[in-house]
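Novice: need a 3D model of the sequence below.
(chains A and B)
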Amino acid sequence: MNLTLYIWRQKGPDKKGGLQQFKAENISPEMSFLEMLDVVNEQLIKIGQEPIAFDHDCREGICGMCSQVINGVPHGPQERTTVCQLHMRHFKHGDSIYIEPWRARAFPVIKDLIVDRSALDRIIQAGGYISVHTGGVPDANAVLISKKSADTAMDASECIGCGACVAACPNGSAMLFTAAKITHLAMLPQGKIEAARRVCVMTEAMMREGFGNCTNHYECQAACPKDIRVSFIARLNREFIKAQLKDTG
Amino acid sequence: MLIKNTVGKKIIMAITGQMLVLFIVIHMIGNSAIYVGGLNAYADRVHALPLLVWIFRLVMLMIFSLHIMIGIELYLENRKAKPEGYAVKQDLRATFASKNMLWTGLLTGAFLVYHLLHFTFQVINPEIAALRIHDAAGRPDVSGMVLQSFQNPAVSSVYIFAVIMLSLHLSHGIQSSFQTLGISNERTLPGIIKTGSVAALVLFLGYVSIPLLIFIGVMKG
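Specialist: Here you go, the predicted model:
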């Protein structure tokens, strides 16, 4: 199939960018979206032009690197799917496709479709961990965890930190990401010890990094490739209220 | 500090918002006295306690001020966090109401100032002021003031427009306040969203009916 692409090109962080039109020809429906871009890039290299810069790593939907807003939806039209797992069979011959980078103040564009998402790492650094003495491997059943708690923690830990929630949010808020990390740890006995401090410092870190406030549009849940739920944001809010009611952090 | 944290600010928004919703519900029930010809009696009863009325007004002023100030602060922070938009953007869940909370809120607030000057302090149309004109029982003629006001198409249009703004604000605000206070989960959120919309619709009908019925001449007092 043949497609017309409108892709955001930007030479560097402080350079002015704009949409540029490309033709993608003889694209097979079996290709992934990134493979389609590989084909376009090969053609660009052949004619001596600079290839389109985009992030990617595992190409199996678990690393969270591919970050493209396709036709106005982060990770494109297929629900619960990363760009690398999106296949060209979801598009039709003759389609026009708009490809833009994540947009948020906290995610500055580095080049073309690549943004700097290290602000998410700094939110984790602020409190997304537990403090334990390392040593011998603990016995598997020394700490009992209910199946339900383990399941919820696992659901929250599915977050791959791709930043689609921020890209989709009209406020550029990282609440869904932060809520997933808070929930993941707060559900488990090891995480409960620092839960009160964690929710305060992680939400403060989020604002320090320049993300917006959550106003419950729920765009994030719809865009999330891992189906992280906004119910985790309600849980973060509960954890925050609990932390306020505690005497010591 | 609650007022410094992103979640803390939202919690203040949610609590003040819910208090305002509670007021709006009580106000609507009070208004409905007009249907049974009891508006003058109701207003007279309420204003028999001037000290309580003024304490109530001051508390309402404080709640409103907090809700508006933090609302504006959140809006400005959020706009700063998203300096550049997309050439193409599809909304998957966000609604007109959820994206325009600041504007529907500010318009409702501007209307409130007009409404207070119109019906509470009665300085806009002093010729029909209930504070001066009394009914047969010697009570301020609130009912007559309302009926005469809404026969004017400009006045009833302003009220109907304001009620639309308020209802849009509430259609997002009510459900949002529950989510912010953490009183929702995977199972209950869809129901809370629906209940919020239905509540906004009920309030819309309750408030819009009076100016509308008077203007089209169904209700003549």
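Novice: who are the packing partners of the helix or strand of chain A with the lowest mean pLDDT?
Specialist: None of the helices or strands of chain A scores lower by mean pLDDT, DSSP states H and E than helix A:189-192, at a mean of 95. Secondary-structure packing of helix A:189-192 (3 or more Cβ pairs under 8 Å, 6 or more residues apart in numbering or on different chains; DSSP states H and E): helix A:175-186. Every C-beta, even on glycine, is put in place using the N, C-alpha and C of the backbone.
Novice: before we move on, which element is the residue of chain B positioned farthest from its centre in?
Specialist: Distance from the C-alpha centroid of chain B peaks at B:Ala87, with 35.4 Å (Cα atoms, centre = their mean). If you go by DSSP states H and E, B:Ala87 is not part of any helix or strand.
Novice: gap between it and chain A?
Specialist: Distance of B:Ala87 to chain A, computed by Cβ to the nearest Cβ, to the nearest Å: 6 Å.
Novice: so that residue is in contact with A:Tyr98, correct?
Specialist: Yes: if you go by Cβ atoms under 8 Å, B:Ala87 and A:Tyr98 touch, sitting 5.9 Å apart.
Novice: shared neighbours of the two, anything?
Specialist: A:6, A:19 (Cβ atoms under 8 Å, 6 or more residues apart in numbering or on different chains).
Novice: could you chop chain A up by domain?
Specialist: A:3-110, A:118-245 (automatic domain parsing).
Novice: deepest of these, which one?
Specialist: Comparing the domains of chain A by mean neighbour count (mean count of other Cβ atoms under 10 Å in any protein chain shown), domain A:118-245 comes out on top with a mean of 20.
Novice: end-to-end on that domain?
Specialist: End-to-end span of domain A:118-245 (Cα to Cα, to the nearest Å): 32 Å.
Novice: now swap in stretch B:139-155 and tell me
Specialist: Rule used - Cα to Cα; the end-to-end distance of stretch B:139-155 is 24 Å.
Novice: ok, residues contacting that stretch?
Specialist: Contacts for stretch B:139-155 (Cβ under 8 Å, 6+ apart): B:34, B:37, B:39-41, B:43-44, B:47, B:118-119, B:122, B:125, B:128-131, B:133-135, B:156, B:159, B:210-211, B:214-215, B:219-221.
Novice: all helices of the chain, in order?
Specialist: No chain specified, so I'll use chain A. For chain A, helices defined by DSSP state H occupy the ranges A:33-46, A:118-127, A:147-157, A:164-168, A:175-186, A:189-192, A:195-208, A:219-223, A:231-245.
Novice: um, chain B though
Specialist: Counting by DSSP H, the helices of chain B are B:6-31, B:39-46, B:50-81, B:96-99, B:101-115, B:142-150, B:153-180, B:189-215.
Novice: now the angle from the second one to helix B:50-81?
Specialist: Using axes from the mean of the first three to the mean of the last three Cα atoms, to 10 degrees, the inter-axis angle of helix B:39-46 relative to helix B:50-81 is 100 degrees.
Novice: ok, and what's touching helix B:39-46?
Specialist: B:30-31, B:33, B:53, B:130, B:135, B:137, B:139-143, B:146.
Novice: what's the closest of the helices of chain A to A:Arg89?
Specialist: Among those, the nearest to A:Arg89 by Cβ to Cβ is helix A:33-46 (10.7 Å).
Novice: how about that closest one and chain B, any contact?
Specialist: No: contact of helix A:33-46 with chain B (Cβ under 8 Å from any Cβ of the partner chain) is absent, the minimum separation being 15.8 Å.
Novice: ok so, going back, Serialize the helices of chain B to JSON lines and add fields for mean pLDDT and mean neighbour count.
Specialist: Below are those laid out as JSON lines (pLDDT from 0 to 100; neighbours: other Cβ atoms under 10 Å in any protein chain shown):
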{"stretch": "helix B:6-31", "mean pLDDT": "98", "mean neighbour count": "18"}
{"stretch": "helix B:39-46", "mean pLDDT": "94", "mean neighbour count": "18"}
{"stretch": "helix B:50-81", "mean pLDDT": "97", "mean neighbour count": "14"}
{"stretch": "helix B:96-99", "mean pLDDT": "98", "mean neighbour count": "17"}
{"stretch": "helix B:101-115", "mean pLDDT": "98", "mean neighbour count": "17"}
{"stretch": "helix B:142-150", "mean pLDDT": "96", "mean neighbour count": "20"}
{"stretch": "helix B:153-180", "mean pLDDT": "98", "mean neighbour count": "21"}
{"stretch": "helix B:189-215", "mean pLDDT": "98", "mean neighbour count": "18"}
